[in-house]
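Peer 1: model this:
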Amino acid sequence: MLQHSTIPLMRAWNSWSTRPAEMVFLPLGVRITPVLYSTRSKTTSAIEPRRDTVRLGRHAIDGSLIELETDLSGTTVAFSTTKTDPFAIRGSWNGKVSAEWGLRFWLTLAISADGGEVAIHDAGRNVTLLKVGTRFVAVATAEAPVHVTGHDSIEALRADFEANGYFYTATRKNEAPVIALRFNLEMMREGAYAAGVADSAELAIAKAQACLAAGAPAELSDAQTGVFEGALDAMRDVVAWNTIWDETNARSYTAVTRIWNLGKFAVWFNDQIFAALLAGVFDADLARENMATAMASATPQGNIACIVTSNDAWVDRTQLPFGALVAWQLYQRTGERSMIQANYDALARNRRWWQDNRDPDGFGLLSCGTSDVGEGLYKGTAFAARNETGMDNSATHDEAIYDPVTRTLSTFDLGLNCAATLDAEMLSKMAAVLGKHDDAREFAALAERQRKLISETLWDEARGIFANRQRHGGFVRSLSPTSFYPLLCGAATPEHAARLLEHLSDENTFGGDFVLPNATRDDPAFADNVYWRGRIWPNVNYMVWLGLRRYGFMAEASKLASQSYDLFMKSWRTDRIAAENYNAVTGEAMDQGDTDPFYIWAAMLPLMAAGEIVDFDPWTGFTVRNTGRDLAVGPMVSPAGTLELRGEAGQLSMTLNGRAMLRTDLQTTLSRIVMSDGRLSCTVAPVAAAGYIDLPGLETGNVLAVRLDGQDIGYLASADGLRLSIAESGDERRLDVYFSATNAG
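Peer 2: Reported below is the predicted structural model:
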């Protein structure tokens, strides 16, 4: 019977399980599982990153190309999977390095179904067939297996190898819940298989055989070349590999990492919304799924739980409220009102909960805490309260004292208050779109009040920086990059901002080759190099980058993005490591054991780099930048459709849904871009030299008006459309082009 029929068709075949080489057709629960056996070590591998050496390669979001390599006892095998249509896949393997005679290293394709249906191998046709409900799945291989065995489970297959070796035939069967097609690397150093799904056995077999005959795998085009080469590709691969199936809750979601073992599923609030932000670059549906997963942790009390796993639920606490920021960014990127509507209620309840539960003195600023609800691990402790910042062992908490009466820490946490202020600002924007005008006014007033309190209360004039502060006392000594978060929420005055830039570049504190350390370099905690005591965290860099952009510090933002990109690529290019955190002295990812090598928010480092070319932020909207350098970016999601950018010989071209829409040689930034039927608008940043903006396909006869800062300007017919001449200017200018809607397509 059908199991998960609502999964989008193009993603039905994918690497859904914790075994990345295992291909699963999710609607039927059919699995093709590679299992390796080494005679040298008498061990098997189902290729599980938690136990085995696995190098995760390229991975399309829809699973149309998946690549990885794995090692067992010194032998390296590479796998590749492609699709010819949504119901057919073609897989191949290549024994790249042998550490023992190939006859003694075995690669097995185990074919099974979650419902326990019996698979049948037809040796005459070299096809294995599974019937699930009324539907058939056929698996064909390029060469016939050396022999075929039958088992009750994958574990039984592995036990057979490990107990009996490969020179054993007593388990030969043609019918079983798990049919094992056995190959060795002497006879089949390279091999291929294909699977087809259809509503008759013959059609399924024909589909599998046609897919197998299709030959070499299709190529996956580079998503970003030239400036910040590979940034978008890395983001895609990190998102795609970490997107798995949560069997407990019957949902697709992008996990923090497919490597950690925290139960059958694990959802942190912040990690999940950041996964949605990253997924939204490529797939609006996957972004929605991740936001729904995050919102599913909303509690009856009002907060969104810090973490929910199959083992525990930390409902007594939450995490920094960045949910409205991400929901608004997804709305900007997709143009879909549903991104706001589906998430608003849970996020608004969460924000009100903060004010009601984490302001014990009624002052207006917030402290971290742990409520008297649930049975979560660490509940009612200082550590639980620190969890709400996400920066669990940060030195900024060292002076915070837990008060069991108010169930809060004694300090106003700077990062928390800035996040909460930004959250209220974004909720106000969301409420306005939804027509909830009373809510919009409520949240706007709350944001403004908290900006003022942050500016007046959490600015340490003696040091010239924002810092955590005791509710009834002075500032704490230790600092973190949250000192720059007042830029993110708009709480810094121009004087504050100028001082913050000095700290940002000071190599005794936050500056240096590898940035931003989560303890200043002159803090004794920096030398600990453990988690939040000194290491670099991608999500923090991203928030500081956003704050710099909000204040117009574009050069400083670009430098941070470039350094973050270089830091990420240092481990990614050579080892395909996307680390949870990084060493702030060496830039190494895996120099100590408290970091994960394939963590979702690592992709926020290349996200900043891609955002230097094209981005959607709450203040300047849809933005593209022509650096004058050669580049190619895309495809990616935009409110006007599938977006691609190309830069060549100083000219930047924008393509939407495969159609050229705009070209310019202006070395500048175009922001607040709106493309709709009958209108194209954007803000043109200052330009040092005159240039043009071409609008291909737009005929002069259909133009109604062209205005720059409200004044009509001239235009000419170009070779294939309309050309606007833009004079140099030190000012920002608004461009509006109106045309008959019949010409918009």
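Peer 1: Please, where are all the strands along the stretch 101-250 of the chain?
Peer 2: All strands of the stretch 101-250 of the chain, identified by DSSP state E, counting those that start in this stretch, fall at 105-113, 119-122, 127-132, 135-141, 147-151, 175-176, 178-184, 190-198, 224-226, 243-246.
Peer 1: out of these, nearest to Val281?
Peer 2: Nearest of the strands of the stretch 101-250 of the chain to Val281, taken as Cβ to Cβ: strand 224-226 at 11.0 Å. Every residue, glycine included, has its C-beta placed from N, CA and C.
Peer 1: neighbouring strands for that closest one, and are they parallel or not?
Peer 2: Using DSSP bridges, the strands paired with strand 224-226 are strand 631-638 (antiparallel).
Peer 1: roughly how far out does the strand it pairs with sit from the chain middle?
Peer 2: Distance, stretch centre to chain centre, for strand 631-638: 16 Å (Cα atoms, centre = their mean, to the nearest Å).
Peer 1: do stretch 568-586 as well
Peer 2: Distance of stretch 568-586 from the chain centroid (Cα atoms, centre = their mean) equals 16 Å.
Peer 1: Next, format the strands of the stretch 101-250 of the chain as TSV and append mean pLDDT.
Peer 2: Formatted as TSV, the strands of the stretch 101-250 of the chain follow (pLDDT from 0 to 100):
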stretch	mean pLDDT
strand 105-113	98
strand 119-122	98
strand 127-132	98
strand 135-141	98
strand 147-151	97
strand 175-176	98
strand 178-184	98
strand 190-198	98
strand 224-226	97
strand 243-246	96
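Peer 1: Which one, of those, ends up nearest to Gly91?
Peer 2: With respect to Gly91, and counting by Cβ to Cβ, the nearest of the strands of the stretch 101-250 of the chain is strand 190-198 at 5.2 Å.
Peer 1: List the neighbouring strands of that closest one plus their orientation.
Peer 2: strand 88-97 (antiparallel), strand 135-141 (antiparallel).
Peer 1: which residues touch the longest one?
Peer 2: By Cβ atoms under 8 Å, 6 or more residues apart in numbering, the list of residues contacting strand 88-97 from outside reads 13, 23, 32, 34, 63, 69, 71, 74-84, 102, 105, 107, 185, 189-197, 207-208, 210-212, 214, 217.
Peer 1: what does the last one give?
Peer 2: For strand 135-141, the surrounding residues in contact (Cβ under 8 Å, 6+ apart) are 2, 25, 28, 30, 32, 109, 111, 113, 126-131, 181, 183, 191-201, 203-205, 207-209, 212.
Peer 1: rerun that using 6 Å as the cut-off
Peer 2: Residues outside strand 135-141 that contact it (Cβ atoms under 6 Å, 6 or more residues apart in numbering): 30, 111, 127-130, 193-199, 201, 204-205, 208-209, 212.
Peer 1: Same check on stretch 60-72?
Peer 2: Against stretch 60-72 from outside (Cβ under 6 Å, 6+ apart): 10-11, 13-15, 20, 36, 38, 45, 47, 52-59, 76-83, 220, 240, 282-283.
Peer 1: Could I get the CA-only coordinates of that stretch as PDB?
Peer 2: Taking Å, rounded to 0.1, in the frame of the first residue of the first chain, the C-alpha atoms of stretch 60-72 are listed here in PDB:
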ATOM      1  CA  ALA A  60      20.700  17.900  -6.000                       C
ATOM      2  CA  ILE A  61      17.700  18.900  -3.800                       C
ATOM      3  CA  ASP A  62      15.400  16.600  -5.800                       C
ATOM      4  CA  GLY A  63      17.800  13.700  -5.800                       C
ATOM      5  CA  SER A  64      18.400  13.900  -9.500                       C
ATOM      6  CA  LEU A  65      22.100  13.500  -8.800                       C
ATOM      7  CA  ILE A  66      23.600  12.100  -5.700                       C
ATOM      8  CA  GLU A  67      27.300  11.300  -5.200                       C
ATOM      9  CA  LEU A  68      29.400   9.900  -2.300                       C
ATOM     10  CA  GLU A  69      32.500   7.900  -1.500                       C
ATOM     11  CA  THR A  70      33.000   5.500   1.400                       C
ATOM     12  CA  ASP A  71      35.900   3.500   2.900                       C
ATOM     13  CA  LEU A  72      35.900   0.100   4.500                       C
END
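Peer 1: Now do the buried residues in stretch 613-628.
Peer 2: By neighbour count on 16 or more other Cβ atoms under 10 Å, the buried set for stretch 613-628 is 613-618, 620-628.
Peer 1: who does the lowest-mean-pLDDT helix or strand in the chain pair up with?
Peer 2: Among the helices and strands of the chain, strand 716-717 carries the lowest confidence by mean pLDDT, DSSP states H and E, at a mean of 89. Strand 716-717 has the following strand partners under DSSP bridges: strand 721-726 (antiparallel).
Peer 1: next helix or strand past the partner strand?
Peer 2: Using DSSP states H and E, the next helix or strand after strand 721-726 towards the C-terminus is strand 733-739.
Peer 1: and that next one, which residues are buried?
Peer 2: By 16+ other Cβ under 10 Å, the buried positions in strand 733-739 come out as 733, 735, 737, 739.
Peer 1: Let me have those residues in JSON lines, extended by pLDDT and distance to Ala138.
Peer 2: Listed next are these as JSON lines, based on pLDDT from 0 to 100; distance: Cβ to Cβ, whole Å:
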{"residue": "Arg733", "pLDDT": "97", "distance to Ala138": "62"}
{"residue": "Leu735", "pLDDT": "97", "distance to Ala138": "57"}
{"residue": "Val737", "pLDDT": "95", "distance to Ala138": "55"}
{"residue": "Phe739", "pLDDT": "92", "distance to Ala138": "53"}
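Peer 1: can you put those in JSON lines and add distance to Asn303?
Peer 2: Below are the buried residues of strand 733-739 laid out as JSON lines (distance: Cβ to Cβ, whole Å):
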{"residue": "Arg733", "distance to Asn303": "45"}
{"residue": "Leu735", "distance to Asn303": "44"}
{"residue": "Val737", "distance to Asn303": "46"}
{"residue": "Phe739", "distance to Asn303": "49"}
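Peer 1: quick one: which of those residues is nearest Thr664?
Peer 2: The nearest member of the buried residues of strand 733-739 to Thr664, counting by Cβ to Cβ, is Leu735 at 10.6 Å.
Peer 1: on that earlier part again, and the strands of the stretch 101-250 of the chain as JSON lines, adding mean neighbour count?
Peer 2: Putting the strands of the stretch 101-250 of the chain into JSON lines (neighbours: other Cβ atoms under 10 Å) gives the following:
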{"stretch": "strand 105-113", "mean neighbour count": "24"}
{"stretch": "strand 119-122", "mean neighbour count": "20"}
{"stretch": "strand 127-132", "mean neighbour count": "22"}
{"stretch": "strand 135-141", "mean neighbour count": "24"}
{"stretch": "strand 147-151", "mean neighbour count": "20"}
{"stretch": "strand 175-176", "mean neighbour count": "16"}
{"stretch": "strand 178-184", "mean neighbour count": "24"}
{"stretch": "strand 190-198", "mean neighbour count": "23"}
{"stretch": "strand 224-226", "mean neighbour count": "19"}
{"stretch": "strand 243-246", "mean neighbour count": "21"}
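Peer 1: Can you get me a residue count around the closest residue to Ala305 other than its chain neighbours?
Peer 2: Computed as Cβ to Cβ, 6 or more residues apart in numbering, the closest residue to Ala305 that is not its neighbour in sequence is Ser297, at 4.2 Å. Neighbour count for Ser297, taken as other Cβ atoms under 10 Å: 23.
Peer 1: how much space is there between Ser297 and Cys306?
Peer 2: 8 Å (Cβ to Cβ, to the nearest Å).
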